[in-house]
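Trainee: Below is the sequence, then the predicted model.
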Amino acid sequence: MAEEATLKWSELKKYLQDAGQKELIELVHDLYKQSVDNRRYVTARYTKGEGDSEILEAYRKIVVNVYFPARGAASKPRYSVAKKAINDYSRASGDIRGTMDLAITLVENVLRYIREFSGIGEESYAGGSEMMEKFCKLIKTEEGQKFYPYFRERLQKIYKDSKNGPYGIATIEDYISDLEDYFFEGELKDN
């Protein structure tokens with residue numbers, strides 16, 4: 001199989017630095033027109049404030065559709081698609097709250113899928129745990145800590161849903177217990 005013909009980033013960067021503003025705008029325009037993913041990414045990068053909720057909802061739809069597309073449930077959910085959407089949103093927007101929201105949305109949908117269909121692929125088991133870990137790291141940052149009250153109710157539901165879950169999902173319960181210890185010294189266990 002032939003290797004894909006691409007420039008190394010250092011070579012491309014040199015060309016871009018030499019390009020004029022009009023040429024760069026045309027390049028971004030062409031990329032924007034080329035795919036929905038590119039449009040979503042550019043929109044997330046440059047809409048601050050006004051379109052934030054709309055673009056977040058577009059990414060949320062991708063995450064949910066991995067497990068529950070418009071026509072029923074996915075027979076084999078592709079965690080990698082949801083993970084890519086979350087990472088794209090995070091890189092493009094820099095919105096920590098939105099990134100945490102998408103990560104927890106993925107965990108909720110993994111648990112819902114397991115409840116409704118008694119199973120899920122190993123990739124999604126591990127992915128649910130991976131996204132819970134990502135959420136925990138973000139919420140423990142200085143910026144993320146202020147959003148804990150916003151997510152607490154959802155975390156309590158996830159905790160209950162993951163309690164005594166299968167291996168891989170049970171670790172989600174551990175992550176949430178750790179968060180409760182971090183923020184409230186274990187209050188969740190008593191609720």
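Mentor: Arrived safely, thanks for sending.
Trainee: Setting aside sequence neighbours, what's the nearest residue to the residue positioned nearest the centre of the chain?
Mentor: Nearest to the geometric centre of the chain sits residue 86, at 2.6 Å (Cα atoms, centre = their mean). Closest residue in space to residue 86, ignoring its immediate chain neighbours: residue 102 at 4.5 Å, by Cβ to Cβ, 6 or more residues apart in numbering. (Glycine included, C-beta is placed from N, CA and C.)
Trainee: Helix or strand: which one has the residue nearest to the centre of the chain?
Mentor: helix 79-93 (DSSP states H and E).
Trainee: which of the residues in that helix are buried?
Mentor: Neighbour-count burial for helix 79-93 flags 79, 82-83, 85-86, 88-90, 92-93 (criterion: 16 or more other Cβ atoms under 10 Å).
Trainee: and it, how far out from the chain's middle?
Mentor: What separates the centre of helix 79-93 from the centre of its chain is 5 Å, taken as Cα atoms, centre = their mean, to the nearest Å.
Trainee: Check stretch 130-147 too.
Mentor: 12 Å.
Trainee: sorry, back to before: out of the buried residues of helix 79-93, what pair is the most spread apart?
Mentor: Farthest pair in these (Cβ to Cβ) is 79 and 93. Separation: 21.2 Å.
Trainee: quick one on the thing from earlier: which of the buried residues of helix 79-93 sits closest to residue 130?
Mentor: Using Cβ to Cβ, these come closest to residue 130 at residue 83, 7.7 Å.
Trainee: Give me the distance between the closest residue in space to residue 90 that isn't next to it in sequence and residue 21.
Mentor: Setting aside the residues directly before and after it, residue 90 is nearest to residue 99 in space (Cβ to Cβ, 6+ apart), at 4.2 Å. Separation of residue 99 from residue 21 (Cβ to Cβ, to the nearest Å) stands at 31 Å.
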